[in-house]
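Asker: Sequence and predicted structure are below.
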Amino acid sequence: MPIRQCIEESILLLTLSPIVESFTILKKRETEGDGFLRVKAVIVDGSLLEISMYWQLTEDDVRPVAYRFHWQDEETKLIKRWDNAKHHPEIKTFPFHVHAGEEKKVKESGAMELFDVLRILEAGAGKTDVA
C-alpha cells in the first residue's frame, strides 16, 4: 500500500466516522519513503482527539512506525492517550501503552491504529474504561 493511501484512508475514516463532528489537518507530509499526518478532531460530545501518525516504507511495504492518539475533554483534561513512544519499558506491551486519565497512570495496550481508536469512541467505551 502506498504511503499516500495510508494518509487518504485515515482522512476518510475521520470523514465517515459518526462521532467526529469536525477535524482540521494540522500537518500532512508525504515522500516516497515516509509519511506523516497530524490532525485535531472535535468529537460530538465536545471532547478533542489529537492524532499523530508516522509511516515508513520498508522493503516495499508501508508500516506504521509511530503514533499518538490523545483524547481530552473540553477543559483539556486527559481522558486517554494511546501511543508507542518508548518511554515505559516496564509495561508488558512495551512500547504500546495507554495513559488513562492522567500522565502517570500508564497501562498495557495493544498496538493501535486510528480505526481502533475511533471504534472505541464510537462504541461509547466511556471516559473511565481503558481499552
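Answerer: That came through fine. Numbering: from 1, shown residues only.

Asker: Give me the phi and psi for residue 110.
Answerer: When quoted as degrees, to the nearest 10, the phi and psi of residue 110 stand at phi -80, psi 170.

Asker: same thing with residue 119?
Answerer: The phi and psi values for residue 119, taken as degrees, to the nearest 10, are phi -60, psi -40.

Asker: neighbours around it, how many?
Answerer: Number of residues near residue 119 (other Cβ atoms under 10 Å) recorded here: 15. Just so you know, the C-beta spots here come from the backbone N, C-alpha and C atoms, and that holds for glycine as well.

Asker: Okay, it and residue 74: tell me how far apart.
Answerer: Distance, residue 119 to residue 74, using Cβ to Cβ, to the nearest Å: 22 Å.

Asker: likewise residue 65?
Answerer: For residue 65, the distance to residue 74 equals 31 Å [Cβ to Cβ].

Asker: neighbour-wise, which of those two wins?
Answerer: When residue 65 and residue 74 are compared for neighbours, residue 65 comes out ahead with 14 against 11, by other Cβ under 10 Å.

Asker: Test my guess that that one contacts residue 54.
Answerer: Yes: under the criterion of Cβ atoms under 8 Å, residue 65 makes contact with residue 54 at 5.1 Å.

Asker: Mutual contacts of those two, please.
Answerer: Common neighbours of residue 65 and residue 54, using Cβ atoms under 8 Å, 6 or more residues apart in numbering, are residue 34.

Asker: what's the burial count for residue 5?
Answerer: The number of residues packed around residue 5, counting by other Cβ under 10 Å, is 12.

Asker: now what about the longest helix along the chain, what contacts it?
Answerer: Assignment by DSSP state H gives helix 3-16 as the longest helix of the chain. For helix 3-16, the external contacting residues (Cβ under 8 Å, 6+ apart) are 20, 23, 25, 28, 30-35, 37, 39, 41, 51, 53, 55, 57, 62, 64, 114-115, 118.
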